[in-house]
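Engineer: Please work out how this folds:
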Amino acid sequence: MPTLALMRASLPDPVRWLLRVQGLAVAVCALTCWAVCGRLSAQAVVLGGMVGLIGSWAYAWRAWRAGGGRHAGENVGEGDCDSLAESTARAARAYRAQLAGEAWRLAVTALAFVAIFAGPVRDGLPALPVLLGFGAAHAAYWAALLRQRN
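Structural biologist: Have a look, this model is predicted:
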């Protein structure tokens, strides 16, 4: 099992920044929920947020690994390719890496939700805050991506 330092080193800075933004959004949502609804709801928000964080990490890790250890769009069309065929091959490899990352994210997210809803939610943890935490992580993910784009 890889160590946290190895996992941290294996992802590029923009991905680590995005995961921090997601974590901050979940923390703010959980603290707000704790103040308004209590400890149990805040714990549920954290669980849902962790599903979002783990899914994002799984996507980035898998896409990065499948893409050969570099940004998926890096070097595509930058003029350093020897030929159009090489550029096309890089673009295809980047596309396959993104598909692999998304498939990995969906599988990890589905398994995490099954585990949460079969365990803690069935045992009395409120379901709506779990979904709220996941939604906060997901909204932060897309907001961070839009911010990086501009």
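
Engineer: got the buried residues for the longest helix seen in the chain?
Structural biologist: When the chain is scanned for its longest helix (criterion: DSSP state H), the result is helix 84-118. Within helix 84-118, the residues that count as buried by 16 or more other C-beta atoms under 10 Å are 87, 90-91, 93-94, 97-98, 100-101, 104-105, 108-109, 112-113, 116. For glycine as for every other residue, the C-beta is placed from the backbone atoms N, C-alpha and C.

Engineer: and the two most separated of those residues?
Structural biologist: Spatial extent of those (C-beta to C-beta) is set by the pair 87 and 116 at 43.4 Å.

Engineer: mind checking pLDDT for residue 83?
Structural biologist: Residue 83 carries a pLDDT score of 82 in this model.

Engineer: Please apply the same query to residue 24.
Structural biologist: 94.

Engineer: What separation do you get for it and residue 53?
Structural biologist: Computed with C-beta to C-beta, to the nearest Å, the distance linking residue 24 and residue 53 is 11 Å.

Engineer: Looking at the two now, which is surrounded by more residues?
Structural biologist: residue 53 (22 against 13; other C-beta atoms under 10 Å).

Engineer: in which helix or strand would I find that one?
Structural biologist: Per DSSP states H and E: residue 53 is located in helix 39-66.

Engineer: Buried residues of that helix, list them for me.
Structural biologist: The neighbour-count criterion (16+ other C-beta under 10 Å) identifies 41-64, 66 as the buried residues of helix 39-66.

Engineer: returning to what we had before: next structured bit after the longest helix of the chain?
Structural biologist: Downstream of helix 84-118, the first helix or strand assigned by DSSP H and E is helix 127-149.
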